[in-house]
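Visitor: sequence-free structure coming up:
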DNA sequence: CTTGGCACTCTGCTTCCACGAGTGCCAGGA
DNA sequence: TCCTGGCACTCGTGGAAGCAGAGTGCCAAG
């Protein structure tokens, strides 16, 4: 059905359309790419590609533009990842290494990705559930109020206030701190319930009420529904493609304001090591049907970019992959 | 020069234009507002207002729209703050009280403000320099690497990694923790340099190198240039006024991506208790000359909204003030 | 299977015109 | 002195018409 030349035509259409944002006609295409055939032949191929649903017409007498399906084929079979240049790699590395803490790493990654790809960038914080506990601190804020501070190996710091029913002494707090600390150090949050289940029984009776309050907060807010966080940046890049989003910019911005939506975008990554590309209507998220998303896991989390379906996929995939690698190294090393 | 009726005309123009987004003509104005005078009279007043620079024409045969100067006069002398309704107040309070930690408070405030005002909302995290140290924890990450965790009374948690030149023992870390803790507990970060200046001398000689490293990190990254943070939300609201930003949406989004810019917007608040309004060209920030900003301090930080100059100022001022009050209470109480 | 030719169909742009909103000015009246 | 009705004028908007150009689909010949 689709011989090599037809695929070549599709590739040319995608590349031209991505760079010019204008429907591409048979004549221009035959000239600019060295296909060695006449416009008429190209037209025949185009008709075939259109029959198969890879390209379409905006209107009768305009050139062709790729459909979502066309981009899909392009990404899967017609393109190869554009690797970054060595200077770019060095720049990424030095920029990321300048970060002073986890927040800074994430913020820098977002900025980096959005500048490299000229798209919207999304970076997830290292997931809590997969993280190891490096330190658990209990601060005695008030007689009946404690602050739990959890530090993970990926550098995340989570805090929760625990309201107690009665007052508790500094000494008791120390005991609890020691108890919890010894149990949890080095554990992942997934292990936590098992590690803590018998703790109230093992503790001195006087401390049990307090311990129970503390545990319920730990389990409820850190284990059962661990808070996932994401950072986003480069939204200004959406306006560059104002032509791509006739009236759809609104819903896109709205969707991007929702943490839940962003997490879904990043979370649909099954295999964490390969780059995933969602194109147009493949996105189930409301409001993002006219966008494409390129994501990849970096170890304890995921990151990616979002832009119009008319996107430089090879470049985006290359950048996303490279940044993910550096971020992954950085976070597992620190 | 400007008698009461002229001011009334200006007020009517501002209110009409804000609600309809269309230049307002003399006839419609004379009818809809009970001015009791003829369109011709209104026209004369309009001419006077235009001479004074309070209103202008988009083109010869269109109605009038307010200038920045007109809005300024409106805000200063012709409008009164629109207080929130009791149900609204209750909703704010319950929504904010549901927050589990500082990040959550800030995120909720942003969402609240942007929904109340239908504008872009900006909320600064409580400033570090004005905060009191509630707890300073030192975690021994590796033989020659420490993690400092600073918790302030406003709930902020800052972390910094300290790389040491040589290994240090757990016991030494405990000593340093105790030393620093006793000195800093209850101090503000502004007091810190004074409180710590003689510390190396007072400490056991063996610990001095380590202590010096720790102190230099504390002073450099927490005191000398304390990290200010801001959260932003509701950018989708900018598209609602696509008519207001003909082609200027781009620079606005770009400006909003810069933490520095946001801090400048919020930072120009001198008197922290009153609401400040910057209108259009009054904004020195590049790219925001077509927007207005309404800000107020809430105690340890500031918050505000940003939108087109065509903004419901009384409503925005009311919302900003109310939210600031609740946030302030919440953060000083917690 | 490829190619050149040709008729056809659109869109985008320009021009033109009529309409209507709104203004500025003036002269008369309170 | 100020308000008012009247009137001529300006100018942007919107629809109709016409034109040029790009691009297509199809066909018959190589």
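Guide: Received the coordinates, thanks. Computed from a prediction, not measured in an experiment: that's the story for all the values here. Numbering: from 1, shown residues only, chains lettered A, B, ... in the order given.

Visitor: quick one: the strands in chain A?
Guide: Under the criterion DSSP state E, strands of chain A are mapped to A:55-56, A:65-66, A:120-124, A:133-142, A:145-152, A:157-163, A:230-233, A:276-279, A:291-297, A:302-308.

Visitor: which one of those lies closest to DNA strand C?
Guide: Nearest to DNA strand C among those is strand A:65-66; the distance by Cβ to the nearest atom of the strand comes to 13.1 Å. (Glycine included, C-beta is placed from N, CA and C.)

Visitor: average pLDDT across the closest one?
Guide: Mean per-residue pLDDT for strand A:65-66: 96.

Visitor: which helices and strands sit right next to that strand?
Guide: If you count contacts as 3 or more Cβ pairs under 8 Å, 6 or more residues apart in numbering or on different chains; DSSP states H and E, strand A:65-66 packs onto helix A:4-20, strand A:55-56.

Visitor: deepest of those, which one?
Guide: Of all the helices and strands packed on strand A:65-66, strand A:55-56 has the most neighbours on average by mean count of other Cβ atoms under 10 Å in any protein chain shown, namely a mean of 20.

Visitor: ok, and what's touching it?
Guide: Outside strand A:55-56, the residues that touch it by Cβ atoms under 8 Å, 6 or more residues apart in numbering or on different chains are A:10, A:13, A:46, A:49, A:50, A:64, A:65, A:66, A:67, A:70.

Visitor: buried ones among these?
Guide: A:10, A:13, A:46, A:49, A:64, A:65, A:66, A:67, A:70 (16 or more other Cβ atoms under 10 Å in any protein chain shown).

Visitor: and the residues you listed, which two are furthest apart?
Guide: Pairwise distances across the buried ones among the contacts of strand A:55-56 peak at 12.6 Å for A:46 and A:67 (criterion: Cβ to Cβ).

Visitor: around chain B, pick out the residues from chain A.
Guide: A:100-102, A:134-135, A:137, A:139, A:141, A:147, A:149, A:151, A:155, A:157-161, A:221, A:233-236, A:238-240, A:249-250, A:253-254, A:256-257, A:334 (Cβ under 8 Å from any Cβ of the partner chain).

Visitor: can you do 6 Å?
Guide: Within chain A, the positions lying close to chain B (Cβ under 6 Å from any Cβ of the partner chain) are A:101, A:135, A:137, A:139, A:157, A:159, A:235-236, A:239, A:249-250, A:253-254, A:257.

Visitor: can you name the residues of the stretch 201-334 of chain A that neighbour DNA strand D?
Guide: Contacts of the stretch 201-334 of chain A with DNA strand D, taken as Cβ under 7 Å from any atom of the strand, are absent.

Visitor: all helices for the stretch 201-334 of chain A, in order.
Guide: Secondary structure of the stretch 201-334 of chain A (DSSP state H, counting those that start in this stretch): helices at A:208-217, A:237-240, A:249-257, A:259-267, A:313-333.

Visitor: centre of the chain to the shortest one, how far?
Guide: Using Cα atoms, centre = their mean, to the nearest Å, we find the averaged C-alpha position of helix A:237-240 to lie 19 Å away from the chain's own average C-alpha position.

Visitor: and it, average pLDDT?
Guide: Rounded mean pLDDT across helix A:237-240 is 88.

Visitor: try stretch A:70-85
Guide: Mean predicted lDDT for stretch A:70-85 stands at 96.

Visitor: pLDDT score for the residue in the stretch 51-200 of chain A that DNA strand C sits nearest to?
Guide: The nearest approach of the stretch 51-200 of chain A to DNA strand C comes at residue A:61, 3.2 Å away (Cβ to the nearest atom of the strand). Residue A:61 is assigned 87 on the pLDDT scale.

Visitor: cool, residue A:285 as well?
Guide: Residue A:285 is given a pLDDT of 90.

Visitor: what's the nearest residue to it if we skip its chain neighbours?
Guide: Leaving aside its sequence neighbours, residue A:285 sits nearest to residue A:261 (Cβ to Cβ, 6 or more residues apart in numbering or on different chains; 5.5 Å).

Visitor: out of the residues of chain A next to chain B, grab the one that's most surrounded.
Guide: residue A:235 (24 neighbours; other Cβ atoms under 10 Å in any protein chain shown).

Visitor: can you get me a residue count around the residue nearest to residue A:138 when sequence neighbours are not counted?
Guide: The spatially closest residue to residue A:138, leaving aside those adjacent along the chain, is residue A:177, at 4.6 Å (Cβ to Cβ, 6+ apart). Counted with other Cβ under 10 Å, residues neighbouring residue A:177 total 18.

Visitor: repeat that for the one 10 residues further on.
Guide: Close neighbours of residue A:187, defined as other Cβ under 10 Å, add up to 16.

Visitor: list the contacts for it?
Guide: Applying Cβ atoms under 6 Å, 6 or more residues apart in numbering or on different chains, we find residue A:187 in contact with A:133, A:195.

Visitor: can you check the one 10 residues further on too?
Guide: The contact partners of residue A:197, by Cβ under 6 Å, 6+ apart, come to none.

Visitor: against residue A:189, how distant is it?
Guide: Remark: distance between residue A:197 and residue A:189 (Cβ to Cβ, to the nearest Å) = 14 Å.

Visitor: now residue A:228
Guide: Counting by Cβ to Cβ, the gap from residue A:228 to residue A:189 is 12 Å.

Visitor: so between the two, which is more surrounded?
Guide: More neighbours surround residue A:189 than the other of residue A:228 and residue A:189, with 23 against 18 (other Cβ under 10 Å).

Visitor: next, count neighbours for the nearest residue to residue A:219 once chain neighbours are set aside.
Guide: Nearest residue to residue A:219, sequence neighbours excluded (Cβ to Cβ, 6+ apart): residue A:193, at 6.4 Å. Residue A:193: 13 surrounding residues under other Cβ under 10 Å.

Visitor: and if you look at residue A:116?
Guide: 22.

Visitor: one more: residue A:208?
Guide: By other Cβ under 10 Å, the residues close to residue A:208 number 13.

Visitor: spatially nearest residue to it (excluding sequence neighbours)?
Guide: Counting by Cβ to Cβ, 6+ apart, residue A:208 lies nearest to residue A:200, which is 5.1 Å off, once chain neighbours are set aside.

Visitor: separation between the one you found and residue A:172?
Guide: Distance of residue A:200 to residue A:172, computed by Cβ to Cβ: 14 Å.

Visitor: got it, and residue A:8?
Guide: Residue A:8 sits 75 Å away from residue A:172, going by Cβ to Cβ.

Visitor: again with residue A:42
Guide: 81 Å.

Visitor: neighbour count: the two, which is higher?
Guide: Ranked by neighbour count (other Cβ under 10 Å), residue A:42 and residue A:172 place residue A:42 first, with 26 against 16.

Visitor: residues contacting the more buried one?
Guide: Applying Cβ under 6 Å, 6+ apart, we find residue A:42 in contact with A:26, A:29, A:30.

Visitor: tabulate those residues (JSON lines), appending distance to DNA strand C, neighbour count and pLDDT.
Guide: Compiled in JSON lines, the contacts of residue A:42 are given as follows (distance: Cβ to the nearest atom of the strand, whole Å; neighbours: other Cβ atoms under 10 Å in any protein chain shown; pLDDT from 0 to 100):
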{"residue": "A:26", "distance to DNA strand C": "9", "neighbour count": "21", "pLDDT": "94"}
{"residue": "A:29", "distance to DNA strand C": "12", "neighbour count": "21", "pLDDT": "92"}
{"residue": "A:30", "distance to DNA strand C": "8", "neighbour count": "20", "pLDDT": "91"}
